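**Student:** Would you be able to build a 3D model of this:
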Amino acid sequence: MSHSLLRIQLLKKLWVHLTPREVFGLSSPDKIQRAGQTLGEVRRKELSHILNVERQLHELRRGHASLDPSGKIIRSAEIRDIREVKFASIIENSGEVEVEQQALPDIAKMMDNAVEVNRYDALERLLRLQKLVLLTERIILGLELSEIDKGALDRRWLNRWKLNAGESSNGALQQLWARILVRELINPGTTSLRALEHLSCFSLEDAEGLTKLGSWVCGDFIYRSALQALPREFDMDLFERLEEQNILRGVHGKVLSKTLLSQSESHFMHELVLADRLVRIESSQPRPELHVPAYMITRVGRELISLVSVSADSAYLEAMVQDLHARGMSVSIGQQRTNSSHTNII
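**Tutor:** Below you'll find the model as predicted:
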């Protein structure tokens, strides 16, 4: 099946899992196609509308606007320059003006206020979710797919994704939430609920740390001695935080090592994937394994790191090669091929 047909199938799979109220104001690709419209043009208008509603919502929250009975936005007359004039006149006449004490609101008004706050929060989450849907769709349209699993998403997983993803307003974190959904659409069951829980606690700093980690990870470990040879790159605070988040192990306590098993019977040979590079380690001596000092990546860590696409850190790679040479190994480096749809998500 061609890439374009697989992309169409994946788009349909995305929209099948969305409810009409969640995508209120957005048109499905099928509806756009039947209307003879261009997907890109429709999406630009819809995104512009979402951003406009977000601005209006911000004005309502700040008290700079209100809704009339018909639902139209009425901007307050208390604009900045008028407020400044009023404030200045109060200062000038402070000796003559008595401050009128406002009556404290009763419980009914407090409840009305709480309802209004909840309405604003709900709309804000919905707008974020809609932007994530459009971002997910755009990622899908850029994929080169070889196959997809037609199975439905787990309802519990999807509800957790919506709940957590709708809280994220940062662009870099929204990218991660969209990518994790695309990966799950391609192959349901790939990402655990625990990974969603970890991602929900991420800050922008954590997302940047994950990107750094991606440039050092060789499968399920980081070559510890190679990284420690780079004082500028080795940030102990970062690694302590990653260990606290259960993304890697071996920062404190016992020094861990990774056992590289020979992939050849005649001599030692092992291939490692480091980001976009393939590292081939060889020795003429027939040995079954090689032990190297390592920070081990947890299963949750591997799920999260796979969301970022980066190039191998050249200084770290060079330090790896030097350490392996010191262990009597010969090393050759090639470009990693990306054949699967999973590696093409980003």
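**Student:** The residue lying closest to Asn113 once chain neighbours are set aside: neighbour count?
**Tutor:** Take Asn113 and drop its neighbours on the chain: the residue closest to it by Cβ to Cβ, 6 or more residues apart in numbering is Pro105, 7.4 Å away. The C-beta positions use only the backbone N, C-alpha and C, and glycine is treated the same way. Neighbourhood size, Pro105 [other Cβ atoms under 10 Å]: 11.
**Student:** Sketch out the low-pLDDT regions of the stretch 101-250 of the chain for me.
**Tutor:** Along the stretch 101-250 of the chain, segments meeting pLDDT under 70 span 101, 233.
**Student:** Let me see the ranges of the helices in it.
**Tutor:** 107-141, 155-165, 171-186, 193-200, 204-214, 224-228, 236-244 (DSSP state H, counting those that start in this stretch).
**Student:** Tell me which of those lies nearest to Val279.
**Tutor:** Ranking those by proximity to Val279 (Cβ to Cβ) places helix 224-228 first, at 11.0 Å.
**Student:** on that earlier part again, would you quantify the distance from the residue nearest to Asn113 to Asn159?
**Tutor:** Going from Pro105 to Asn159 by Cβ to Cβ, to the nearest Å gives 36 Å.
**Student:** Including distance to Glu303, could the helices of the stretch 101-250 of the chain go into a markdown table?
**Tutor:** Shown next, in a markdown table, are these (distance: least, Cβ to Cβ, whole Å):
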| stretch | distance to Glu303 |
| --- | --- |
| helix 107-141 | 17 |
| helix 155-165 | 13 |
| helix 171-186 | 8 |
| helix 193-200 | 4 |
| helix 204-214 | 11 |
| helix 224-228 | 21 |
| helix 236-244 | 14 |
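**Student:** Go through those helices and name the closest to Leu317.
**Tutor:** Closest approach to Leu317 among the helices of the stretch 101-250 of the chain is made by helix 224-228 (8.0 Å; Cβ to Cβ).
**Student:** which secondary structure elements does the closest one contact?
**Tutor:** strand 289-297, helix 314-326 (3 or more Cβ pairs under 8 Å, 6 or more residues apart in numbering; DSSP states H and E).
**Student:** So what touches that helix?
**Tutor:** If you take Cβ atoms under 8 Å, 6 or more residues apart in numbering as the criterion, helix 224-228 is touched by 216, 233-234, 250, 255-256, 292-295, 316-317, 319-320, 322-323.
**Student:** swap the cut-off to 10 Å and go again
**Tutor:** Helix 224-228 is contacted by residues 216, 218, 233-236, 239, 250-251, 255-258, 292-296, 313, 315-324, 326 when judged by Cβ atoms under 10 Å, 6 or more residues apart in numbering.
**Student:** contact partners of stretch 195-204?
**Tutor:** 157, 160-161, 163-165, 167-168, 170-173, 176-177, 180, 184, 191-192, 206-207, 209-210, 241, 245-247, 298-304, 306-307.
**Student:** now it, how far from the centre of its chain.
**Tutor:** Its chain's average C-alpha position is 8 Å from that of stretch 195-204, according to Cα atoms, centre = their mean, to the nearest Å.
**Student:** Pull out the buried residues from it.
**Tutor:** Applying a neighbour-count criterion of 16 or more other Cβ atoms under 10 Å, one finds 195-196, 198-200, 202 buried in stretch 195-204.
**Student:** Relative to Val53, which of these is nearest.
**Tutor:** For the buried residues of stretch 195-204, the nearest to Val53 is Ser200 (24.5 Å; Cβ to Cβ).
**Student:** Would you mind checking the contacts of helix 224-228 for buried ones?
**Tutor:** Buried members of these, scored by 16+ other Cβ under 10 Å, are 216, 218, 233, 239, 250-251, 258, 292-295, 313, 316-317, 319-321, 323-324.
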